[in-house]
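In: Quick one, fold the following:
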Amino acid sequence: MSLISTEWTILSNHFYRQQELYKLDWDVKLEDYILSGGQYGGALALARDETQFVKAQTSMLKSKVFIYTSAGKLIGQIDWMEKSRILSMGWTDNGRLAIATEDGAVDFYSVLGKHVWTFNLPKAFMEEGILFVDLLSNGLIAMTKTFRLFATNEFGELTTPLFNEYKMPKIRQGPKCRMGIEAKFANSRNVEVWLGLSDGNIAVIDSNGYEERDVGMTEREHVVKMALSSNGKMVCLVSNKGRFVVYTSDLGNFYLDFQSHATRAPTQMLWCSSDSILSYWQNVDLLLMIGPTGESVQFDYDGKIYLVPEPDGARVVSATKCDFISVVPSPLTDIFKIGSASDASILFDAIQNFETKSAKVDEIIRSISQRGKLSEAIKMCIKAAAHEFRPDLQRKLLRTACFAKSYLDFFDHDSYADKCKIIRVLNNIRTYTIGIPITYPQYKLLGIEGLIERLLDHNQHLLAFSICKSLKMNTDQVLLRWAAEKIRTNEQKDKILQAILDKIGMESSISYSRIAAVALSEGKESLAMELLNYEFKVAHQVPLFLRMNNIDFALQKAIQSGQTDFIYLVIFHLIDSRRPINESLMYISKFPLSRNLLVAYWKSSYAFHDKLKILYQISRLDHEASLLCVLESSKHFLIQECRISAQNENSAENPENIDNSLAIGNMKTRPRHTSDLSTQISNNLLDSKNDPREDIKKNSLDLNGFIEDQNDPSEFNYSTNETFFQKKLQTLRIAALSFQQSHDSFMTKMVQDNIDILQLQKKYESDYRGQFIGLTITQTIDKVVTNKDLKEAEKLYKKFVVPQKKFWWIVIRALARARHFSLLLEFSKKKSPIGYEPFVQVCVQNFAPQEAEQFVDKISDLYLRGRYFARLGRFEKAREIAAQSKNQELSEFISELESKSQGNDGDW
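Out: Alright, predicted model coming up:
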């Protein structure tokens, strides 16, 4: 136990240890390179230092960026022959290598050297030149040669970050040093920039403004190096006179002033954890650690070294080895510190004595148990094993905990087993093959998911898979990454497919579409097609088939699923493609379901009717195309109707009051169909719950092609819009011809009747100077009769086969309403199929009782004649008829009505 602690260095009451992690078996001369290392045991990136003169060698003539593990194993190379000079390198939080060059580009690479993405600095750097670019773990700071300062606090994957220009006063010369503080440590939650000025002050700049702070520099003294502690709470400033000054990060409290007597600024300087500072001077090969109270200790290295900061220490990379300098964790100091009397130390010694067959072991353990400290001592041993790097010492500590916990009645054995698994995981990734020397505190910060991601970045899929299995984690992400890398190999397609199926199988929850997407991005379309056959979800299959422009498979899969959303997705993709519309529609028409869905969608809006006609023609649906033409003719008149009705408050508020048959002409006069044709066809084709005229109003259709500009829409007259009228006739003629070609005589006759009535209405508007177009047959006859043209009305009656009784009703109502009683009397001379009672009724309804009497005498039924005379107030004639007919009931009715009438003639 004492041998372990002799390897430690004490500094300001803290123990530090310098552990050799790996012997580096590489042929690298660090003096010729600049190096950047990633945190959490990350990889090392080396690029040629172009400020140094290098002897021309074959290996050096080829400019490259080399990526090594901490064990010195080469895992990636980046060809840099044709790229610009490197200004700085750094590693992001997610393990990407970022390289900033003097042409203003920032390139990102994977840990294996594969290019991921690039973004460029703002244009100001191209115009003014770049003074410096410093890369942070999730951002950067940069300054132009005209001293304009920019910063960003995030590196979004495959996106250009947003740069903020920090306002600062004009300065005559560049800063002596600089430091970028990440947003997570800054008070403003944005990247903060510190600049060392020539007058010894520090300029603190962020998005909130600029401020200069006095840090106690003497005359002719200024800051040349700055470093922030790993927890962001302390900052160390180094002056040109060798002074190390430590403040809190807000520069509010002073903690340390150490004089190193160095004549030069340190080559590198960083914090070792949060309580000591490491400084390296390359010119004297000196690595100095400064403790919290001003004490210092030196570490000896031959040749140039690089320091890589870690949250709990620092890695030291030399030409021959990689070390780790850190504070000794408290569990280890409690157990292995010389003279330690802690229970954990006593317990560890007792177990070691047990291995030498000492009889005092039981007594020692029971004494600790009696004090109630055994459980705590066991946990301390387990924690110490987690913090230790050497497997032999780990085993001793775990064996101690395992033996001692048998003395306890209650102990969390699961936590012991879990800790053993974690230690086994850490040991596996620390091996030379993997080369990730992560510590237990780093593991806790990174998390198991982050560690698995690092292994996958290194293409260590088997180890990552084994770890997930051991820790009972989901392995889907590991298998997906493995499959993606397998696809990127040069193996034959069949071998790759079989390997993926053998490894993943059919029962896995992994989506094969994600693997197929990788194959597609790598240009292996046939492999992607094969993989998609093993995908069960249509939602994942169809989009990929469309990306491959494989419409056949996409549409077939969508139709097989029966999900209309995916069918529509394929249909619209096909229509929006660069193919001719006729070709696309011809393909869609091959599948009845897709064709019907497209028809249903296009029917819902008049804007698609032209394309719908093409689809009908391609599909040879002549009947449907004809019906659409009829609907089109209805549409044109509905547009006009809406324009007029919009000016009428009643019509606008109650669109149902508009005659449904207004647009197409009336077919109600036919005995075989009593509903209006336009309404019937509209309902069949559109299946819409809304009035189409309302839809037209809401959609604000462009009427320029059909309605001429009207200064006052309320004065609009159908007869003035010849273009609109001819458009309707043309549409109906096309519909009639189409019905005729499809041998549908019934619909042909109906549409032809509409054409005829429209033409006649156009003629009537000219003859009678009134509005006729758009009226029904009934309304047209009514209006013709109102204009005293009974002969023309009879022509309409005969031509459109209006029922005789209905025709008589139309005529007598129109004549009575227009008060053409002489014509009504002349018309009554013909034999009436409806009798003469209607003549009396229409006269009375239009307040003409005297004219009504002329028709009462023509009623043959004496009983009805007597009742009508009584109702008209002609009681004497009524009584005469009652006496003539000898009808007692009629006499009583007349007497009762006479007593109630009280002189009100014609009270119906």
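In: per-domain residue ranges of this structure.
Out: By the assignment in automatic domain parsing, the chain contains the domains 4-327, 337-411, 412-473, 474-536, 539-603, 616-774.
In: Kindly reformat the ones you listed as JSON lines containing mean neighbour count and mean pLDDT.
Out: Where you see a C-beta, it was placed from the backbone N, CA and C, and this is true even at glycine. Listed next are the domains of the chain as JSON lines, based on neighbours: other CB atoms under 10 Å; pLDDT from 0 to 100:
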{"stretch": "domain 4-327", "mean neighbour count": "17", "mean pLDDT": "91"}
{"stretch": "domain 337-411", "mean neighbour count": "17", "mean pLDDT": "89"}
{"stretch": "domain 412-473", "mean neighbour count": "17", "mean pLDDT": "95"}
{"stretch": "domain 474-536", "mean neighbour count": "17", "mean pLDDT": "90"}
{"stretch": "domain 539-603", "mean neighbour count": "17", "mean pLDDT": "83"}
{"stretch": "domain 616-774", "mean neighbour count": "17", "mean pLDDT": "54"}
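In: out of these, nearest to Ile810?
Out: domain 616-774 (9.7 Å; CB to CB).
In: about what we covered before: need the domains of the chain in TSV (columns: distance to Tyr836).
Out: TSV is the format used below for the domains of the chain (distance: least, CB to CB, whole Å):
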stretch	distance to Tyr836
domain 4-327	90
domain 337-411	114
domain 412-473	98
domain 474-536	81
domain 539-603	51
domain 616-774	24
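In: Can you say which of the ones you listed is nearest to Lys791?
Out: domain 616-774 (12.6 Å).
In: how long is that closest one from one end to the other?
Out: Distance across domain 616-774, first residue to last, is 28 Å (CA to CA, to the nearest Å).
In: before we move on, what about stretch 275-284?
Out: With CA to CA as the measure, the ends of stretch 275-284 fall 25 Å from one another.
In: same question, stretch 807-826
Out: Stretch 807-826 has an end-to-end distance of 16 Å (CA to CA).
In: So what's the model's average confidence on that stretch?
Out: Taken as a whole, stretch 807-826 carries a mean pLDDT of 90.
In: please renumber so the chain begins at 45
Out: Done: numbering now begins at 45, and the last item shifts to stretch 851-870.
In: In that stretch, which of the residues would be classed as buried?
Out: By neighbour count, with 16 or more other CB atoms under 10 Å as the criterion, the buried positions of stretch 851-870 are 851-860, 862, 864-865, 867-868.
In: quick one: which two of those are the most distant?
Out: Top of the distance list for these (CB to CB): Phe851 and Phe865, 19.2 Å.
In: follow-up on the earlier one: out of the domains of the chain, flag the one nearest Ile925.
Out: When the domains of the chain are compared by CB to CB, domain 660-818 sits nearest Ile925, at 37.8 Å.
In: Residues in contact with whichever strand in the chain runs longest: which ones?
Out: In the chain, with assignment by DSSP state E, the single longest strand is strand 58-67. Contacts with strand 58-67, where a contact means CB atoms under 8 Å, 6 or more residues apart in numbering, come from 49, 51-54, 114-116, 316, 319-320, 333, 335-336, 341, 343, 359-360, 364-372, 377, 381, 433, 474, 476, 479, 481.
In: Are we agreed that Val248 is in a strand?
Out: Yes: applying DSSP: H, G, I helix; E, B strand; the rest coil, one finds Val248 inside a strand.
In: Who is it paired with across the strands?
Out: Trp238, Glu255 (DSSP bridges).
In: In contact with it, which residues?
Out: Residues near Val248 by CB under 8 Å, 6+ apart: 236-238, 254-257, 295.
In: These into a markdown table, with extra columns for distance to Gln894?
Out: Formatted as a markdown table, the contacts of Val248 follow (distance: CB to CB, whole Å):
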| residue | distance to Gln894 |
| --- | --- |
| Glu236 | 105 |
| Val237 | 107 |
| Trp238 | 112 |
| Tyr254 | 105 |
| Glu255 | 107 |
| Glu256 | 112 |
| Arg257 | 113 |
| Leu295 | 114 |
